[in-house]
Structure formats: C-alpha cells, structure tokens
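K.L.:
From the sequence below, what's the structure:
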Amino acid sequence: MSYAIIRNEKYTKEKMLQISPHNERQKKSYSNKNIDKNKTYLNYHLKKPIENTYLKEFKRLKEENNLKGQIHKNSIYVCEMLITSDKEFFNNIGEKETKRYFQESFNFISQYKGLGQENIISAVVHLDEETPHMHLVFIPVVNSVDKNKNKIRKISSSEFWKEKNSYTILQDRFYEFIKSKNFDLERGNKEKKQKHFKIEDLKILTNFYETKNLKSELEKEKSNIIKYNNMKDFANNETFSMKSVEENLLYPVITENKLLVEENHNLKIELSKAKNAISYYEDLENTNKKLEHNIKLKDIEINSMYEIIRDLSNKYDKLIKWIKNKFGVDKSKFDEKIK
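P.N.:
Model (predicted):
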C-alpha cells in the first residue's frame, strides 16, 4: 500500500540560499545522480517566485505583506514542505491525477494554520527524478499583536510549530485531507518512532545509488534464467545426449545461478553498510548534542567571568575617582605608578 508523505525542514538564511538553485533548477550540474536533465522541462510551478533567489523573494514578500517579527542571522527564515508518495502510486493514478494530487497538497498547505498563498515563496513539482514530488517553500507566518494590541502578521517559526508533536499533527491533518480528496493512500505508522533523516543525506548514508544499481543488475540476471519455453524448444529441436543437456541446459543454469548468488551477496553487503552507516550517523548526532551541551556550559562560565571583570572594572573606576578627590592625584599619573 502507498503512503501519503509530507516532510518539513526549517532553514536559516544561509541554508535557504543553498536550496534555491536546486529547487528552481538554476544549476548546470547536480550532485544528485537521480536527476534526469532531459526531463527537467516537465517540471512545473504551482507558485513561481518573482525574484531569482529565495532571499530576494523573502524580502519582497516581507515588505509586500507587511510582515513583522525580529529576524536575525540564525533565525529560521523559511520552511520547506516535501510532498510525495511512492513511484507505484503515481504510475497507477496517471498524469492527470498526479497533477491534482499536488494541486490539492498546495491548497492544503496554503490553508494550514491560516498561512495563506501570499506567504508561499515557491511551489515546484519535480518530474525529472525517479519519483514525482513537490518542494513547497514558505515563510512561517502567524497571527499576533504588537505592544499596542494591534493585530499583526508575524514571522515566527517557533510559534508556527509551537505544539510539542507539531509534525505528527501535520502528517495526521495532511492524511485526512488528501484521503478526503479520494486518493487511496495510507497514513504512516504513528507508533513506530522512526529517525527523521534528510532525503539526500539518507541516500548517501544508505549507499542508495550503489544498492539501486545492484538491484537493477539482479533483475537483469533473473531475466536470463532459462524458463519453461526454453526447455520446450530444447525438447523439440535437440537430441537428448549428455553433451547437449550439459551444454544447453545444465551449464547455463549453473552459470546464472552463480551470478545470482554473487549479486545477492553484494546486495547484502551494501544493505549491511547502510545499517552501519545509519548507526554511525546517530552516534555522531549524540556526540554533537553532548558537545553543544558543553559549549552552553562554557558560555555560562564565560558570561560569569565577564560579569566579574566588569564588576572589578567598575570598582577600579570608583577607586581612581576616590583617589583623585581625596589626594588630587591625576589618573594618568596613577596608571604610571601602577605600571
């Protein structure tokens, strides 16, 4: 059974600049080997940015829609929804229904939490990769009030995703919505807590392309196995001598069997690498969390030292002022004596 798939990523200014050329197909070459440049002309927008970069479009929409909120260098500027299913699902429903699937998904995000189409930077459907999917990039805007209690629209990722299980809620709502539009899809298993990897990172970690090639070769080898029709032709046209049986039936079967065993072995090795790679990636993430925790502790220590230094500096200034008032000694002369 196919699943309704929706994923969300949050991007800072720097990351937003990186995804723009990929999504909008502005590059001459791509590290993603899954992109077929001969099919890029099939890609289409449900909303196309006016500016040639997401940053410029972000600034344009911020001004045009009068969006408030403090935006710093490390703030979340935009979010990106990746919407798709599996290749079999799209093959079964055909081109017309595939377009409707992405249009309905676009409508869902436009309405989600009162976002509005005006705050969507780009919504582009990619058909030049193995499985159709849509990249929808939007500014996380919420309703709020300013200090004078006036209603405003504010950029705030933390408020847009404020619920503890906000991504689970998103997936539930999306599944309910898309199901109501008569798409025969399933909701993923909510009980099974799966690690959320970025798609391209996951492909690298799991030796995606190498494993894919091995599977392809395995299918080719299977197609070469002698079938019933081969044996029937043999019976009609060959004499049943030991030599002809060995050369035309036994040897080809043995040879193909060896190739299949070898390909299957290689496939198992690649899948094993994938499992180990994911485990290694999780270990790195845990180490990174510990390092971040230690850095925060060091920051606290540094701030404490800064407070002590500032306090000492204030006391020094007060001491100099007292000495000048008491004894009439100039600060510069006092500094010379200290040195």
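
K.L.:
Lys68: what's it in contact with?
P.N.:
144, 146, 152-155 (CB atoms under 8 Å, 6 or more residues apart in numbering). C-betas here are computed from N, CA, C, even on glycine.

K.L.:
Give me the phi and psi angles of it.
P.N.:
Here is the backbone geometry of Lys68 (degrees, to the nearest 10): phi -100, psi -180.

K.L.:
cool, and Leu67?
P.N.:
phi -80, psi 130.

K.L.:
Surely it and Phe58 touch.
P.N.:
No - in this structure, Leu67 is not within contact of Phe58 by CB atoms under 8 Å, at 9.5 Å.

K.L.:
ok, the two, which is more surrounded?
P.N.:
Phe58 (22 against 19; other CB atoms under 10 Å).

K.L.:
any idea how far the more buried one lies from Glu118?
P.N.:
13 Å (CB to CB, to the nearest Å).

K.L.:
tell me the helices in this structure, going along the chain?
P.N.:
13-23, 54-64, 87-111, 157-160, 166-180, 199-205, 208-223, 228-237, 242-245, 251-327, 331-338 (DSSP state H).

K.L.:
so the first one versus helix 54-64, what angle?
P.N.:
What it means is helix 13-23. 110 degrees (axes from the mean of the first three to the mean of the last three CA atoms, to 10 degrees).

K.L.:
How far does helix 13-23 sit from its chain's centre?
P.N.:
Distance of helix 13-23 from the chain centroid (CA atoms, centre = their mean, to the nearest Å) equals 12 Å.

K.L.:
swap in the third one?
P.N.:
Remark: helix 87-111 is offset 20 Å from the chain centroid, using CA atoms, centre = their mean.

K.L.:
Packing partners of that helix?
P.N.:
Packing partners of helix 87-111 (3 or more CB pairs under 8 Å, 6 or more residues apart in numbering; DSSP states H and E): strand 44-47, strand 78-84, strand 120-126, strand 133-138, helix 166-180.

K.L.:
neighbour-wise, which of the contacts of Lys68 leads?
P.N.:
Within the contacts of Lys68, neighbour counts (other CB under 10 Å) peak at Ile155, which reaches 25 neighbours.

K.L.:
measure it to Lys99 for me?
P.N.:
For Ile155, the distance to Lys99 - CB to CB - is 31 Å.

K.L.:
How about His126?
P.N.:
Counting by CB to CB, the gap from His126 to Lys99 is 13 Å.

K.L.:
Settle it for me: which of the two has more neighbours?
P.N.:
Remark: of His126 and Lys99, His126 carries more neighbours, 22 against 15, as counted by other CB under 10 Å.

K.L.:
residues contacting the more buried one?
P.N.:
His126 makes contact with 43, 132-135, according to CB under 8 Å, 6+ apart.

K.L.:
Apply 10 Å and report the result again.
P.N.:
By CB atoms under 10 Å, 6 or more residues apart in numbering, the contact set of His126 is 22-23, 25, 34-35, 39-40, 42-44, 82, 84, 132-135.

K.L.:
from memory Lys62 sits against Glu118, does it?
P.N.:
No - applying CB atoms under 10 Å as the test, Lys62 and Glu118 come out as separate, 11.2 Å apart.

K.L.:
more neighbours, those two?
P.N.:
Set Lys62 next to Glu118 and count neighbours by other CB under 10 Å: Lys62 wins out with 18 against 15.

K.L.:
Next, work out how far apart the more buried one and Asn143 are.
P.N.:
For Lys62, the distance to Asn143 - CB to CB - is 16 Å.

K.L.:
coming back round to it: need the overlap of contacts for Phe58 and Glu118.
P.N.:
67, 139.

K.L.:
ok so, going back, find the residues that touch each one of Leu67 and Phe58.
P.N.:
Shared contacts of Leu67 and Phe58, counting by CB under 10 Å, 6+ apart, come down to 139, 155.

K.L.:
Okay, His293 and Asn286: tell me how far apart.
P.N.:
Counting by CB to CB - His293 and Asn286 are separated by 11 Å.
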